[in-house]
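J.: sequence below, structure please.
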Amino acid sequence: MLSIREALPTDCNAIHDLIMELAIYEKAPEKMVNTPENLLKDGFGDRPLYTCFVAELNNRIVGMSFCYTRYSTWIGKVLYLEDLIVTESHRRMGIGKQLFEYTRQYAKQNNFVRISWQVLDWNTPAIEFYKQWQAGLDAEWLNAWIDIN
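T.: Coordinates of the predicted model:
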């Protein structure tokens, strides 16, 4: 039976495995440098930097919704969905929908005004998934960043 729950510190290895699976799917495994130790320190310390919900099937984590709070000067409190991942062998079973809905309910209960995320323009299955929720897709904005080393 599938259950969705908030992640525990003991889930960091499974979370890391899911992130690596996503990095491979997105053809960039060499860019994934995070570690289970960092996930533990950053998500379960005195000031957690993220919230993670896991989907567990038969005592095995098969998916996750990984998010954090950001603040929009224009609209207020936003839940940023960094990654929604279901392991390849468990896709098309409704697990992603349940994770997304769980995340949506969390946002609603915690007074977020929006959930936002990014999706690669070539990831048609993900785009079609999000369209089911009447998600807005914005082609106008470009992603920008600087690395701090």
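J.: could you use CA atoms for every contact and neighbour count after this?
T.: Will do.
J.: tell me where the chain has strands.
T.: 2-6, 51-57, 60-72, 76-86, 114-116 (DSSP state E).
J.: pairing partners for the fourth one, with directions?
T.: What it means is strand 76-86. As defined by DSSP bridges, the strand partners of strand 76-86 come to strand 60-72 (antiparallel), strand 114-116 (parallel).
J.: just to revisit the earlier point, mind checking the strands of the chain for the one nearest to A135?
T.: strand 114-116 (9.2 Å; Cα to Cα).
J.: next, the buried residues of the closest one.
T.: Buried residues in strand 114-116, defined by neighbour count with 16 or more other Cα atoms under 10 Å: I115.
J.: show the average pLDDT along that strand.
T.: Strand 114-116 shows a mean pLDDT of 91.
J.: and the strands of the chain, which one averages the lowest pLDDT?
T.: Ranked by mean pLDDT, the strands of the chain bottom out at strand 114-116, with a mean of 91.
J.: quick one: contacts of it?
T.: For strand 114-116, the surrounding residues in contact (Cα atoms under 8 Å, 6 or more residues apart in numbering) are K77, V78, L79, Y80, L81, R104, A107.
J.: swap in stretch 47-56?
T.: Residues beyond stretch 47-56 that count as contacts (Cα under 8 Å, 6+ apart) turn out to be 2-7, 42-43, 61-69, 95, 99, 103.
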